[in-house]
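Participant: What follows is a predicted protein model with its sequence.
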Number of protein chains: 2
Amino acid sequence: MTGQAMSIGELARQTNSNVETIRYYERIGLLAKPARTAGNYRSYGPEHLRRLSFVRRSRDLGFSLDQVRALLDLADQRDRSCEAVDAIAKEHLAEVDSKIADLLALRRELNSMITQCGCGSVADCRIIEALSPRFSPAITEERGIR
Amino acid sequence: MTGQAMSIGELARQTNSNVETIRYYERIGLLAKPARTAGNYRSYGPEHLRRLSFVRRSRDLGFSLDQVRALLDLADQRDRSCEAVDAIAKEHLAEVDSKIADLLALRRELNSMITQCGCGSVADCRIIEALSPRFSPAITEERGIR
DNA sequence: TATGGACCCTGTAGCAACTACAGAGTCAAG
DNA sequence: CTTGACTCTGTAGTTGCTACAGGGTCCATA
């Protein structure tokens, strides 16, 4: 059951993460060090499960580990205003929005490259051409500094 | 046909890259080792400029270094069919499309979290709630939150 | 009791694609 | 001759893991 102590493998299964990742989170101080058994195995309780699930969910939503750290801290201060939480989420949303915009612009360029490719020889390939720098002949010849 | 020789700094300026990156590309075999001056400075010609520009443009379009390497190889085989080029570009387009889809889904989730936040106390914060795991109430209650 | 296999431990190195030094040498202007 | 901008090599850091190597532990079965 969930109330019992768990091994790291069990915790990994429950949170859909992998064992190395959990140890990594512990090493960087994102998860508290758990108790150890007589055989030096890590022993996790429900609080660890809760915390790791929070981390996983946040990661799935694309928050960086630093943002997750901040969110975890804030989640513990139950009586504070959640403005700071809101700020982190909004910051992240802005990042996501800008990535989407970048990717859409990229997609347009890629797509136009691809649709122009008649798939003849490389010499006439519109994709290679689109990637190649276009120096005017004059410049190529005469340019150069120093 | 050879313009003037350039220093690494000059090449960096012309290609809008930075000096360390150029040395890095050389180290991993993406750019050919240039000639050296008497003082052991790297000395680049127009062909390097052309090649590095191609790399930068490809990178700007989101191709991985491995993809860039493949594109460079293909670009050199002028008489081959450009099917392979097309394949790389299409593969990349598919990656971009799937990233866009992921980010849009993410955006929806983030946005719905944020719009629900009334910015009261952390205890009532919908964002924290949305990030928190939903185990059966018994557990949450029994353990409480610190 | 021995043994096999699944699990766990620590520590280190690797991935992408750079970036950031440290500590040294080079070069041209004033 | 000095100053300051530039360059050199080599190494280590970044993010967020993942993958060993070389051991130890646990437990069911023969």
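Facilitator: Now that the structure is in, tell me what you want to look at.
Participant: Test my guess that A:Arg135 contacts B:Arg50.
Facilitator: Not quite, residue A:135 is Phe, not Arg. Yes: using C-beta atoms under 8 Å, A:Phe135 is in contact with B:Arg50, at 7.5 Å. C-beta: built from backbone N, CA, C; applies to glycine.
Participant: Which parts of chain A are helices?
Facilitator: A:8-15, A:19-27, A:46-60, A:65-76, A:83-116, A:126-131, A:137-142 (DSSP state H).
Participant: Show me what the second one packs onto, helices and strands only.
Facilitator: Helix A:19-27 is packed against helix A:8-15, helix A:46-60, with contacts defined by 3 or more C-beta pairs under 8 Å, 6 or more residues apart in numbering or on different chains; DSSP states H and E.
Participant: Tabulate those in TSV, adding columns for mean pLDDT, distance to B:Leu11 and mean neighbour count.
Facilitator: Formatted as TSV, the helices and strands packed on helix A:19-27 follow (pLDDT from 0 to 100; distance: least, C-beta to C-beta, whole Å; neighbours: other C-beta atoms under 10 Å in any protein chain shown):
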stretch	mean pLDDT	distance to B:Leu11	mean neighbour count
helix A:8-15	96	48	17
helix A:46-60	95	39	19
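Participant: how about those helices in a markdown table, adding distance to A:Ala84?
Facilitator: Shown next, in a markdown table, are the helices and strands packed on helix A:19-27 (distance: least, C-beta to C-beta, whole Å):
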| stretch | distance to A:Ala84 |
| --- | --- |
| helix A:8-15 | 25 |
| helix A:46-60 | 15 |
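Participant: Return the residues in contact with the closest residue to DNA strand D within chain A.
Facilitator: For chain A, the residue closest to DNA strand D is A:Gly39, as judged by C-beta to the nearest atom of the strand, at 2.1 Å. For A:Gly39, the contact set (C-beta atoms under 8 Å, 6 or more residues apart in numbering or on different chains) is empty.
Participant: Same question for A:Cys117.
Facilitator: Contacts of A:Cys117 (C-beta under 8 Å, 6+ apart): A:125-127, B:82, B:85-86, B:89.
Participant: that older thread, now the helices and strands packed on helix A:19-27 in a markdown table, please, with extra columns for distance to DNA strand C.
Facilitator: Formatted as a markdown table, these follow (distance: least, C-beta to the nearest atom of the strand, whole Å):
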| stretch | distance to DNA strand C |
| --- | --- |
| helix A:8-15 | 3 |
| helix A:46-60 | 12 |
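Participant: returning to what we had before: most neighbours out of the contacts of A:Cys117, which is it?
Facilitator: A:Cys125 (28 neighbours; other C-beta atoms under 10 Å in any protein chain shown).
Participant: and chain A, which residues reach DNA strand C?
Facilitator: Taking C-beta under 7 Å from any atom of the strand as the criterion, chain A approaches DNA strand C at residues A:7-10, A:12, A:19-20, A:23, A:40-42.
Participant: Kindly indicate which of the residues you listed lies nearest A:Ala32.
Facilitator: Ranked by distance to A:Ala32 (C-beta to C-beta), these are led by A:Arg42 at 10.9 Å.
Participant: my read: the closest one touches A:Gly9, true?
Facilitator: No: between A:Arg42 and A:Gly9 there is no contact under C-beta under 8 Å: 9.8 Å.
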